[in-house]
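**Student:** just a sequence and a predicted model for now, questions to come.
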Amino acid sequence: MFLKRVKLLQEHPAFQQNVYPFSIPALRQLDKLDINQSVTFFVGENGSGKSTLMEAIADRCEFHTAGGGRNNAYDVDASEAALANYIRLSWLPKVTNGFFLRAESFYHFASHIDDIGSVDAYGGKSLHHQSHGEAFLSLFQNRFGGKAIYLLDEPEAALSPQRQLSFLRLIHDLVKTGNVQFIIATHSPILLGYPEAEILHFSEEGIQQIDYEETEHYQLTRGFLQNREAYLRNLFM
C-alpha cells in the first residue's frame, strides 16, 4: 500500500459545514480515513459522497479529474473536485504513477488517446473501435502495471458479470506483485467479493468499515436470487 490516510482539513479558512461538499453527511463527519488494504472499496447510495472523495483524491494525486493519469492533458468539462482543497493525503512511500477512471467520462479519455496517437499503448486498436467492455479491459490490461495507485469510479459500468470476474483476476495478479494499490467505488456485489479487501460504507452516519455480507449489495442480490417471485410481487403491488 502507498496511500495510508486521507485527512480532512477542517481548519481550512473556507470550510463551511452546510455548504457542498460538506452538505453530504458522510463527508461532513469525516475527520481522517485510514486505508488498511491494497484493495479498498467505497460503497453507498448514489449521492453519498463516494465519487466526491474519489475525485478529490485523484486531484491531489495530480491525475486528470475527467479520467487519466498525470500525463493525460485534454480539455473537457471535468468535475471541479470540490473537496480537493480540503484534504491531505499521507503516503508511505508516495507514488506518482497511476490512473483515475471515471466511467461516465471514459469517452473523452478514449478520444484523447486517439488524438495523441497512442492507440498502440492500448492494444493497438482505438478504444472507440471496441465495445465499451472491451475498451475498459483493454485499458486495464495495457495501462495498469508497475508501482502505481489506481482510483476507479464504478468500473463495472461497462463490464458483464463474466468480465467482472476477469477484472478480479487482473486485480489479483497485480496485487500479488506488491506494487499496486486500488481504491474502487462500486455497486457490484461481484467486485466487492474480492478477498481481504477493505469495504468502507458511506452513509448518513459517516464512513464505516463493514464486512462483505453486511453490504446492501450482497444482501439485496442474494435475497432477490433466492426469492425472485416474492421480491417482484412486493415491488409490483
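**Tutor:** Perfect, thanks for sending it. Numbering: from 1, shown residues only.
**Student:** how about the helices of the chain, start to end?
**Tutor:** 25-28, 50-60, 106-115, 132-143, 161-176, 216-226, 228-235 (DSSP state H).
**Student:** of these, which stretch is the most buried?
**Tutor:** helix 50-60 (a mean of 24; mean count of other Cβ atoms under 10 Å). Quick note: C-beta positions are derived from backbone N, CA and C, even for glycine.
**Student:** from the chain's centroid, how far away is that helix?
**Tutor:** How far helix 50-60 lies from its chain's middle: 9 Å, per Cα atoms, centre = their mean, to the nearest Å.
**Student:** residues making contact with it?
**Tutor:** Applying Cβ atoms under 8 Å, 6 or more residues apart in numbering, the contact partners of helix 50-60 are 3, 6, 21, 24, 27, 30, 33, 42-44, 64-65, 79, 81-84, 86-89, 100, 102, 151, 153-154, 183, 185, 202.
**Student:** next: stretch 215-227.
**Tutor:** Val43, His187, Ser188, Pro189, Leu192, Ile199, His201, Tyr212, Glu213, Tyr231.
**Student:** now for the fourth one, how many residues are close by?
**Tutor:** Read that as Pro189. Neighbourhood size, Pro189 [other Cβ atoms under 10 Å]: 20.
**Student:** ok, it to Leu200 distance?
**Tutor:** From Pro189 across to Leu200, the span is 16 Å (Cβ to Cβ, to the nearest Å).
**Student:** and the residue nearest to Leu89 when sequence neighbours are not counted, how far is that from Lys147?
**Tutor:** For Leu89, ignoring the flanking residues on the chain, the nearest one in space by Cβ to Cβ, 6 or more residues apart in numbering is Arg60 at 5.2 Å. Plainly put, Arg60 is 18 Å away from Lys147 if you go by Cβ to Cβ.
**Student:** sorry, back to before: pull the most distant pair out of the contacts of stretch 215-227.
**Tutor:** Ile199 and Tyr231 (23.7 Å; Cβ to Cβ).
**Student:** report the distance from stretch 219-236 to the chain centre.
**Tutor:** Worked out by Cα atoms, centre = their mean, stretch 219-236 lies 28 Å from the chain centre.
**Student:** can you give me the end-to-end distance of that stretch?
**Tutor:** 20 Å (Cα to Cα, to the nearest Å).
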